[in-house]
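*Asks:* Only the shape, not the letters, is given here:
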Ligand SMILES: Cc1ncc(COP(=O)(O)O)c(C=O)c1O
């Protein structure tokens, strides 16, 4: 029988964390918040289709992912197009590394800025004068 103190300490704590050692691996997995579980349930048992599918079963999941993207963007001050969901940490890492590499290549391709005293850039308008 748990003591009143233990009952108070466990209030709101996921069952799997009660009476065990302190859980220190939230980086890997976390217990799912009951509110998250409730929000997810319709997409686990009813609207289980692939959101990328163009057929009927993809419609509701697609709309839900679009709404989640908008909500997350609003939460962090981004625009929805800036939010990308990945299927794993490794996929996210690979996308970040690839993005940095592509940005570096693009930066190398850009012409260097003119020196401060170079005057207006040469071009058709400059040649007409
Ligand atoms: C930064 C980072 N990359 C990759 C992984 C591996 O995750 P996954 O098995 O989802 O690819 C983890 C897992 O904790 C992680 O923290």
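*Replies:* Nice, thanks for sending it over. What you are looking at is a predicted structure, and each value in this text was computed from that prediction instead of being measured.
*Asks:* mind listing what's buried in stretch 58-73?
*Replies:* For stretch 58-73, a neighbour-count test (16 or more other C-beta atoms under 10 Å) marks 58, 60-62, 64-65, 69 as buried. Heads up, the C-betas are built off the backbone N, CA and C, glycines and all.
*Asks:* What's the mean pLDDT across it?
*Replies:* What stretch 58-73 shows for mean pLDDT is 97.
*Asks:* outside of it, which residues touch it?
*Replies:* Contacts to stretch 58-73, defined as C-beta atoms under 8 Å, 6 or more residues apart in numbering, come from residues 42-43, 46-53, 78-80, 82-83, 85.
*Asks:* ditto for stretch 24-34
*Replies:* Applying C-beta under 8 Å, 6+ apart, the contact partners of stretch 24-34 are 14, 16-17, 40.
*Asks:* Quick check: which ranges of the chain have low pLDDT?
*Replies:* 1, 118, 120-129 (pLDDT under 70).
*Asks:* repeat that for 50
*Replies:* For the chain, applying pLDDT under 50 flags the ranges 126-129.
*Asks:* Get me the contact residues on it for the ligand.
*Replies:* 27-28, 88-90, 93 (C-beta under 6 Å from any ligand atom).
*Asks:* that older thread, among the contacts of stretch 58-73, name the buried ones.
*Replies:* Judged by 16+ other C-beta under 10 Å, buried ones among the contacts of stretch 58-73: 47, 49, 51, 83.
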